[in-house]
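Engineer: Dropping a prediction and its sequence here:
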Amino acid sequence: MRSKLFLLLKSPREFSGLEDIAAIAGDADRAAVLLNDAVLFAAQENKLEGLLQVCTEVFVMKDDLQARGVDPCSGAVEIDYHRLVDLIMDEYDQTVTL
Amino acid sequence: MSTMLIQIRSGTMMNMDTNVLVKLSQAALDRGHAVKVFAYGEGITALKDGQEPKRFPNVGEILQGQISQGLTLVACETCCHARGIKRGEEFEGSKIGSMTNDLSVFVSECDRMVTLAR
């Protein structure tokens, strides 16, 4: 199975399809990257826990956290855009935007 | 050199997706990757010449700077026509192209594809 990197752009209020991640990924390795309002997943423990149940790793964009003045809960890994490029180009086989 | 293809389907004034576009494309260029952007749907507003946002980043201006660094920017012709944007209204270095002649080639030649859409 090709590994998958899920790019989440919507806030937890707008996106509630965590089961879609599990369904699309199947048995493949998968991680999530939180961008824009999706960084709010990382700011709420229960939301982050839900995401970590369907993804082995959760990355969160530092720029977008700072723009919203929120801190991530333990378990989310802060990244910048250069790290995101490495994840997309070198570490995962496909990206899926939800 | 690997190639990243980004399909942008959100408009410049719709949300922050075009900001993600220009930050991601710049980081990919910095890493030495080739970057191709195909604008579809509302995303075609990215290559409209003369953008002057008052309180938001000027996505058109940023993309023009990235074109000078090697980025390729093409928009869907049908999407442009539907929104009244005619050939010649795109800024220099960008192109109004098509899914058939451009996107299909980009997809077949890229190493990774990223879609930015709602």
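Structural biologist: Everything's here; your move.

Engineer: Not counting sequence-adjacent ones, nearest residue to the residue of chain A found nearest chain B?
Structural biologist: Proximity to chain B, evaluated over chain A using Cβ to the nearest Cβ, is greatest for A:Tyr81 at 3.7 Å. For glycine as for every other residue, the C-beta is placed from the backbone atoms N, C-alpha and C. Once flanking residues are discounted, A:Tyr81 sits nearest to B:Ala27: 3.7 Å by Cβ to Cβ, 6 or more residues apart in numbering or on different chains.

Engineer: can you check B:Pro57 too?
Structural biologist: Closest to B:Pro57 by Cβ to Cβ, 6+ apart is B:Asn19, at 6.0 Å.

Engineer: number of nearby residues for the one you found?
Structural biologist: B:Asn19: 21 surrounding residues under other Cβ atoms under 10 Å in any protein chain shown.

Engineer: could you point out which element follows the helix or strand hosting it?
Structural biologist: Assigned by DSSP states H and E, B:Asn19 belongs to helix B:17-30. Next in sequence after helix B:17-30, counting helices and strands by DSSP H and E, comes strand B:34-39.

Engineer: what is the orientation angle of that next one with helix B:17-30?
Structural biologist: 160 degrees (axes from the mean of the first three to the mean of the last three Cα atoms, to 10 degrees).

Engineer: on that earlier part again, thought A:Ile79 was touching the residue nearest to A:Tyr81, still the case?
Structural biologist: No. Taking contacts as Cβ atoms under 8 Å, B:Ala27 lies outside contact range of A:Ile79: 10.6 Å.

Engineer: Between those two, which is the more surrounded one?
Structural biologist: Higher neighbour count among B:Ala27 and A:Ile79: B:Ala27, with 20 against 17, using other Cβ under 10 Å.

Engineer: Show the model's pLDDT score for that one.
Structural biologist: Here the pLDDT value assigned to B:Ala27 is 98.

Engineer: and it, what does it touch?
Structural biologist: Residues near B:Ala27 by Cβ atoms under 8 Å, 6 or more residues apart in numbering or on different chains: A:Asp80, A:Tyr81, A:His82, A:Leu84, A:Val85.

Engineer: what about it, distance to B:Gln66?
Structural biologist: Here B:Ala27 is placed at a distance of 11 Å from B:Gln66 (Cβ to Cβ, to the nearest Å).

Engineer: Looking at the contacts of B:Ala27, which is nearest A:Asn46?
Structural biologist: A:Leu84 (25.3 Å; Cβ to Cβ).

Engineer: Which strand residues bridge the residue nearest to the spatial centre of chain B?
Structural biologist: In chain B, the residue lying closest to the centroid (Cα atoms, centre = their mean) is B:Val37, at 4.2 Å. On the basis of DSSP bridges, B:Val37 is bridged to B:Ile6, B:Leu73.

Engineer: how deep is residue 9 tucked in, by neighbour count?
Structural biologist: You didn't pick a chain, so chain A it is. When counting by other Cβ under 10 Å, one arrives at 24 neighbours for A:Leu9.

Engineer: other chain: chain B
Structural biologist: 20.

Engineer: following the helix or strand where A:Gln53 lies, which helix or strand comes up?
Structural biologist: Assigned by DSSP H and E, A:Gln53 belongs to helix A:45-54. Heading C-terminal from helix A:45-54, the first helix or strand you meet, by DSSP H and E, is strand A:57-61.
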